[in-house]
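In: Return atomic coordinates for the entry below.
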Amino acid sequence: MLTDVLTGWTAETLGGLTLLAGAAAWGWLRRRRNQAGPGAAPAIAVGEAVRPVRTYTLLGARAADGQPVHLPSSRPAGIRVTWSGPAGKREQFELTDAVLPDGTYAAERVSAYIERGAL
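Out: All right, here's what the predicted structure looks like:
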């Protein structure tokens, strides 16, 4: 009886350890294969600075509680972003380099202007 228990236990343990070793080897090989090669381009080019995250104040926009809307973004000035207001109305804002007195950057509403191509 004790021999049957030890034999079954040994077989299950060795089988489990074999599966564990196989899974570890597969994970190691997969991680090694997915690493970037020596000729791969990095995500950021050499000499290119990482753009800091700026906080933009959406001019003329108010949140549901009446406070001004602040939008953190690392996008450069001149990019247009779309913001959905509390009523679901979508408005476009253009990010600028203008610094406001509270230290945030201004995002000017452009959806209020008529596009030149629309005339």
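In: drop to CA atoms for contacts and neighbour counts, all remaining ones
Out: Fine.
In: in this protein, which ranges drop under the pLDDT threshold?
Out: Low-confidence segments of the chain (pLDDT under 70): 1-6, 8, 35-48, 111-119.
In: Show me the helices in it, by range?
Out: Ranges of helices in the chain, per DSSP state H, are 2-34.
In: Domains in it, by residue range?
Out: 1-37, 54-118 (automatic domain parsing).
In: which parts of the shortest one are buried?
Out: So that's domain 1-37. Residues of domain 1-37 classed as buried: none (neighbour count, 16 or more other Cα atoms under 10 Å).
In: Show me what stretch 66-81 is in contact with.
Out: 51-63, 92-97 (Cα atoms under 8 Å, 6 or more residues apart in numbering).
In: For those, which ChimeraX command selects only the ones that are buried?
Out: Buried subset of the contacts of stretch 66-81, written as a ChimeraX selection, criterion 16+ other Cα under 10 Å:
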select :54,55,56,57,58,61,92,93,94,95,96
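In: Narrow the contacts of stretch 66-81 to those in strands?
Out: Among the contacts of stretch 66-81, the members falling in strands (DSSP state E) are 54-62, 92-97.
In: Let me see the contact set for the residue nearest to residue 107 when sequence neighbours are not counted.
Out: Distance criterion Cα to Cα, 6 or more residues apart in numbering; nearest residue to residue 107, sequence neighbours excluded, is residue 95 at 4.4 Å. Residue 95 makes contacts with 56, 76, 77, 78, 79, 80, 81, 105, 106, 107, 108, as judged by Cα under 8 Å, 6+ apart.
In: any idea how far stretch 68-81 is from the chain center?
Out: Computed by Cα atoms, centre = their mean, to the nearest Å, the separation of stretch 68-81 from the middle of its chain amounts to 15 Å.
In: Can you give me the end-to-end span of it?
Out: 16 Å (Cα to Cα, to the nearest Å).
In: swap in stretch 86-94?
Out: With Cα to Cα, one end of stretch 86-94 sits 19 Å from the other.
In: what's in contact with it?
Out: Contacts of stretch 86-94 from elsewhere in the structure, counted by Cα under 8 Å, 6+ apart, are 58, 63-64, 77-85, 107-111.
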